[in-house]
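Q: Give me coordinates for this.
(chains A and B)
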Number of protein chains: 2
Amino acid sequence: MGKVACANVLSDLYAMGVTEVDNMLLLLGISKELSNDQRKVVIPMILEGFRDLAKEAGVTINGGQTVVNPWMIIGGVATSVCTRSEIIMPNQAVAGDKIVLTKPLGTQVAVNLHQWMSLGTPSWNIAKDLISAEDVVKGYDDATTSMTTLNLAAARLMHKHGAHAATDVTGFGILGHSRNLAEFQTAEVDFSIHTLPIFARFTEVCKQLIEKGGRNFKLLQGLSSETSGGLLVCLSAEAADKFVEEMRSEGGTAWIVGDVVPGNKTSRIADNPEIIEVSY
Amino acid sequence: MGKVACANVLSDLYAMGVTEVDNMLLLLGISKELSNDQRKVVIPMILEGFRDLAKEAGVTINGGQTVVNPWMIIGGVATSVCTRSEIIMPNQAVAGDKIVLTKPLGTQVAVNLHQWMSLGTPSWNIAKDLISAEDVVKGYDDATTSMTTLNLAAARLMHKHGAHAATDVTGFGILGHSRNLAEFQTAEVDFSIHTLPIFARFTEVCKQLIEKGGRNFKLLQGLSSETSGGLLVCLSAEAADKFVEEMRSEGGTAWIVGDVVPGNKTSRIADNPEIIEVSY
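A: Down below sits the predicted model:
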């Protein structure tokens, strides 16, 4: 949880191309339902995870706030003082650009399936016929790997390859965030998404969950919430190929998922998007 | 609540003498127990209060985060990029300095008494013989006035009168925060607090609550939590008089509450501190 929160907080700055972050604050709500013994285990682990990933990002944590709360809360604030050249303004996409996504989709599905299974909820009664326990754990592990990965490498490559615009994919899903990004463009363009990289096995599970009357995550409509998702980056066609290649050569993931086309600043997902099944 | 949160967030920067704040983020946890109708009333009022006081402080709010939570939460983050001269490092107190406090103590007492009375809690059964309903409301109103007052004027006067060190008085009470400040001094000094300005009527109520087996707020020991409390400022004796005078001439409050003496970086409150009863 600490690592996920840290990666998620930093991601907003990385989406602006800011790679040198000056300071972080840590915001922690400690559940009043934890026993003292549980606190002694859980809180140091969360803090350690947050600090470890901040260290990996080269950021110091100076300050924060801790409160007691019914639910656990973990978050933070990242600050950077930049020159103009350190920032990539996210409004320069032009028709002909390719759209790249740097992490697979489906973190919310992964976390929910794992929680349903762990707690034996009514939702698990529907899902257990659709996916094996082993695959739930594998999907959860893959999602955790993804959520705890910094978007720093992507931010650096945005500079190297002259990205035109970027955002990070979090609570509103890939469609929600690509709509926000499209609205913000200077040029009269649309974002057309034709490909969805999704954690392996989840596409079929999500389809069948809906058929069986289970929860509709809206994953294939691009509206499933993501936590600490990837960057969605617009680059020229040539730059997009190089960006994807270099992300992969550095051990990361990236896929060309769409096109910037002439339009009126909206975003849409193709009726039958190509699905890429991703497994780490 | 919005105004209190805004004043409280800004106070940390004001305690460092930073009067020009560049940006604020608003952090809001909306209680899941509020009905839709309640949300429509409560949330706009909180946002309006936060924005109004930010405007008074000359600060823009760019960004933030809203989550659903069992309890209401309201807070924020204030950021400023400063030159060295804009900051007053809080470590330059010397023996002979006077210590000034700019708001009365007792906000936690005020809020609790008011809540006990409103909800008719068991604590109110003890307190109701010690204070009238009218006085509870008056104390609550005075505390609200105090908590929604920016420490900006005090921060400006810290520069004008060459303050040597300051902190704001919040969760750890006047003694807790003065201990922290004392520890941080470069010189071998102690902080000796001889006077406690307290909202009218609360001193006697707090004493009697303890006698009757009610809650011990530790107000007279300087350990009662404050929310959006005043600044505790060390200045030369001559500067302290002028600081207090100017705070008052601007419609604010301020009292000389202690002395900086030779010592080993601790803080203490006199055995029988002088109590100043404060009423607006």
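
Q: Indicate the residue of the stretch 101-250 of chain A located nearest to chain B.
A: Among all residues of the stretch 101-250 of chain A, A:Gly171 sits closest to chain B, at 9.7 Å; criterion: CB to the nearest CB. For the C-beta atoms, the positions are set from N, CA and C on the backbone; glycine is no exception.

Q: for that residue, what are its contacts?
A: For A:Gly171, the residues meeting the contact criterion (CB atoms under 8 Å, 6 or more residues apart in numbering or on different chains) are A:225-227.

Q: Show the overlap between those and what lies near chain B.
A: Filtering the contacts of A:Gly171 for proximity to chain B (criterion: CB under 8 Å from any CB of the partner chain) leaves nothing.

Q: Select only the buried ones of those in PyMOL?
A: The buried subset of those, as determined by 16 or more other CB atoms under 10 Å in any protein chain shown, is captured in PyMOL by this line:
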select buried, chain A and resi 225+226+227
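
Q: neighbours of the closest residue to A:Met72 other than its chain neighbours, just the number please.
A: Excluding its sequence neighbours, the residue lying closest to A:Met72 (CB to CB, 6 or more residues apart in numbering or on different chains) is A:Ser31, at 4.7 Å. Neighbour count for A:Ser31, taken as other CB atoms under 10 Å in any protein chain shown: 15.

Q: Can I get the contacts of A:Gly171 in CSV including secondary structure and pLDDT?
A: Conversion of the contacts of A:Gly171 to CSV gives the following (DSSP: H, G, I helix; E, B strand; the rest coil; pLDDT from 0 to 100):
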residue, secondary structure, pLDDT
A:Ser225, coil, 97
A:Glu226, coil, 97
A:Thr227, coil, 97
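
Q: Looking at the contacts of A:Gly171, spot the one nearest A:Pro44.
A: A:Thr227 (22.1 Å; CB to CB).

Q: Look up the closest residue to the closest one, ignoring the ones flanking it.
A: Nearest non-adjacent residue to A:Thr227 (CB to CB, 6+ apart): A:Thr107, at 5.0 Å.

Q: likewise A:Gly64?
A: When the adjacent residues along the chain are set aside, A:Gly64 lies closest to A:Leu26, with 3.6 Å between them (CB to CB, 6+ apart).

Q: ditto for A:Thr148
A: Counting by CB to CB, 6+ apart, the nearest residue to A:Thr148 once its immediate chain neighbours are dropped is A:Lys3, at 4.0 Å.

Q: which residues touch the one you found?
A: Listed by CB under 8 Å, 6+ apart, the contact set of A:Lys3 reads A:49-50, A:52-53, A:147-148.

Q: What score does it have for pLDDT?
A: Reading off the confidence values, A:Lys3 has pLDDT 98.

Q: isn't there a strand covering it?
A: No - counting by DSSP: H, G, I helix; E, B strand; the rest coil, A:Lys3 falls outside a strand, being helix.

Q: Kindly provide the distance from it to B:Ser118.
A: Applying CB to CB, to the nearest Å, the value for A:Lys3 to B:Ser118 is 43 Å.

Q: For the lowest-mean-pLDDT helix or strand in chain A, buried residues please.
A: Among the helical and strand segments of chain A, the one scoring lowest on mean pLDDT, DSSP states H and E is strand A:61-69, with a mean of 92. Taking 16+ other CB under 10 Å as the neighbour-count basis, strand A:61-69 is seen to contain the buried residues A:61, A:64-65, A:69.

Q: any idea of the angle it forms with strand B:61-69?
A: 40 degrees (axes from the mean of the first three to the mean of the last three CA atoms, to 10 degrees).

Q: Need the residues that contact strand A:61-69.
A: Under the criterion CB under 8 Å, 6+ apart, residues A:23-32, A:50-51, A:54, A:76, B:29, B:69-71, B:73, B:75 lie in contact with strand A:61-69.

Q: filter the residues you listed to the buried ones?
A: Applying a neighbour-count criterion of 16+ other CB under 10 Å, the buried members of those are A:23-30, A:50-51, A:54, A:76, B:29, B:69, B:71, B:73, B:75.

Q: Can you flag which of those belong to helices?
A: Judged by DSSP state H, the subset of the buried ones among the contacts of strand A:61-69 located in helices is A:50-51, A:54.

Q: For chain A, list the residues in contact with chain B, please.
A: Among all residues of chain A, those adjacent to chain B (criterion: CB under 8 Å from any CB) are A:25, A:27, A:29, A:65, A:67, A:69-71, A:73, A:75, A:77, A:79, A:81.

Q: May I ask which two of those residues are separated the most?
A: Looking at the residues of chain A next to chain B by CB to CB, the two members farthest from one another are A:Pro70 and A:Val81, with 36.4 Å of separation.
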